[in-house]
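Give me a model of this one.
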Amino acid sequence: MAAEKPLIVIVGPTASGKTGLAIKLAKKFDGEIISADSRAIYKYMDIGTAKPDKAEQAGIKHWGLDLVTPDQRFTVADFQNYAERAIADILARGKLPILVGGSGLYVDSVIFEYNFTTFFDADDREKLNEMSVEELVDYCNKYNIKQPENSKNKRYLVRAIERNGQTDYNRDRLRKNTIVVGITTDKSELMDRIEKRTDAMFDGKIAQETRFLAKKYSFELESMKSNIYPIVWRMLNGEISETGAKQLYITDDWHLAKKQITWFKRNKNIKWLRPDAVEKYIFGLLFE
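Below is the predicted model:
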């Protein structure tokens, strides 16, 4: 293996098997995993965010999990800073850093080395906050501003507009010594994985986890809105059946998967492979 180890990046849609593959690679190549999942950063949200449990982690150090509570703010810039520190720490100990996740902005902020600035005009922010979601989307379209993954979230749209012209990056300038692999699966296979994962969530303690979170946090929080919990809460309150809740979540997860695929397909640096071909590909690059 080369003296200077690369950053391995594994991306792909939700339920595509990224986490399991990353753990396998970490075991084989003496690596540590950095989660690039904007939902797994929250404490107490384990089942609903499909975090790997202790058994799945199997002695492999995982970064990026349980960083903040659901009511704490955590930005893309915060993640970038955290990930950079983690990568430096892992490399300093002679191990292989493996960044894995489906949150496109999180991944891109690291591999394209975004340069964030934090200044904003208070008057402009007030004007933006007075606009509707539809008006903000129209604004983004008019001025060619890239919309956030959740384009129905007003706060995300406002931040995207504020960052316009304030974030320096070049998608053609990939971070030095970085290997980016995308997991590709057939549509039917991915849907089957989503359905099986949903069944596992509902067979587990998702109801208990939702009750706990509902007692501590408001469903007005973005962290509570963007996960499975509002759907399960409706089920617990008798508004929908378990079957209905499962179907709603499967549909929601499928829409998320399609958005993630669209996001990553824009990145020409990604080598798309079937899961069973990734290990051989990484081995060839590490030991060429």
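
contact partners of the helix or strand harbouring residue 87?
Per DSSP states H and E: residue 87 is located in helix 76-92. The contact list for helix 76-92, computed with C-beta atoms under 8 Å, 6 or more residues apart in numbering, reads 5, 7, 31-32, 34, 36, 38, 41, 63-64, 67, 96-97, 99, 105-106, 109-110, 114, 116, 118. (Each C-beta comes from the backbone N, C-alpha and C, glycine too.)

Buried residues, it. List them.
Within helix 76-92, the residues that count as buried by 16 or more other C-beta atoms under 10 Å are 76-80, 82-83, 86-87, 90-91.

same thing with stretch 171-191?
Neighbour-count burial for stretch 171-191 [16+ other C-beta under 10 Å]: 174, 178-185, 190-191.

ditto for stretch 61-80
Applying 16+ other C-beta under 10 Å to stretch 61-80 flags 62-65, 67, 69-70, 76-80 as buried.

can you check stretch 126-141 too?
128, 131, 136-137, 139-140.

Which members of those residues are positioned in strands?
Nothing among those maps onto strands, per DSSP state E.

Just the closest of these to residue 158, please.
residue 128 (4.7 Å; C-beta to C-beta).

Now do the same for the closest one: its pLDDT.
We have a pLDDT of 85 for residue 128.

Thought residue 136 was touching it, still the case?
Yes. Contact criterion C-beta atoms under 8 Å: residue 128 and residue 136 qualify, at 6.9 Å.

residue ranges of the strands in the stretch 101-250 of the chain, please?
Counting by DSSP state E, counting those that start in this stretch, the stretch 101-250 of the chain has strands at residues 178-183.

So which residues of it form helices?
With DSSP state H, counting those that start in this stretch as the criterion, the stretch 101-250 of the chain has helices at 104-111, 122-130, 133-142, 154-163, 187-203, 206-216, 222-225, 229-236, 242-265.

worst average pLDDT in those?
It's helix 122-130: among the helices of the stretch 101-250 of the chain, that one has the lowest mean pLDDT, namely a mean of 77.

Can you give the distance from it to the centre of its chain?
28 Å (C-alpha atoms, centre = their mean, to the nearest Å).

Show me what that helix is in contact with.
136, 154, 158, 161-162.

again, only this time at 6 Å
residue 158 (C-beta atoms under 6 Å, 6 or more residues apart in numbering).

from now on call the first residue 25
Sure, I'll start numbering at 25, so the last one becomes helix 146-154.

now it and helix 178-187, what's the angle there?
Orientation check (axes from the mean of the first three to the mean of the last three C-alpha atoms, to 10 degrees): helix 146-154 against helix 178-187 gives 140 degrees.

orientation of helix 146-154 relative to helix 157-166 in degrees?
Using the same axes, to 10 degrees: helix 146-154 against helix 157-166 is 120 degrees.

My read is that residue 164 contacts residue 171, right?
Yes. Here residue 164 reaches residue 171: they are 5.0 Å apart, a contact under C-beta atoms under 6 Å.

Need the residues touching each of those two.
Counting by C-beta under 6 Å, 6+ apart, nothing touches both residue 164 and residue 171.

May I have the residues that are in contact with the closest residue to residue 36 other than its chain neighbours?
Spatial nearest neighbour of residue 36, excluding adjacent residues (C-beta to C-beta, 6 or more residues apart in numbering): residue 207 at 3.4 Å. For residue 207, the contact set (C-beta under 6 Å, 6+ apart) comprises 36, 40, 42, 299.

Make JSON lines from those residues and add neighbour count, pLDDT and distance to residue 286 to it.
Output for the contacts of residue 207, formatted as JSON lines (neighbours: other C-beta atoms under 10 Å; pLDDT from 0 to 100; distance: C-beta to C-beta, whole Å):
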{"residue": "36", "neighbour count": "26", "pLDDT": "96", "distance to residue 286": "12"}
{"residue": "40", "neighbour count": "24", "pLDDT": "95", "distance to residue 286": "14"}
{"residue": "42", "neighbour count": "24", "pLDDT": "95", "distance to residue 286": "17"}
{"residue": "299", "neighbour count": "18", "pLDDT": "92", "distance to residue 286": "20"}
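
Helices - which of the residues you listed land there?
42, 299 (DSSP state H).

Which phi and psi values does residue 56 adopt?
Phi and psi for residue 56, reported as degrees, to the nearest 10, are phi -130, psi 150.

does it have beta-bridge partners, and which?
Taking DSSP bridges, one obtains residue 121 as the residues bridged to residue 56.
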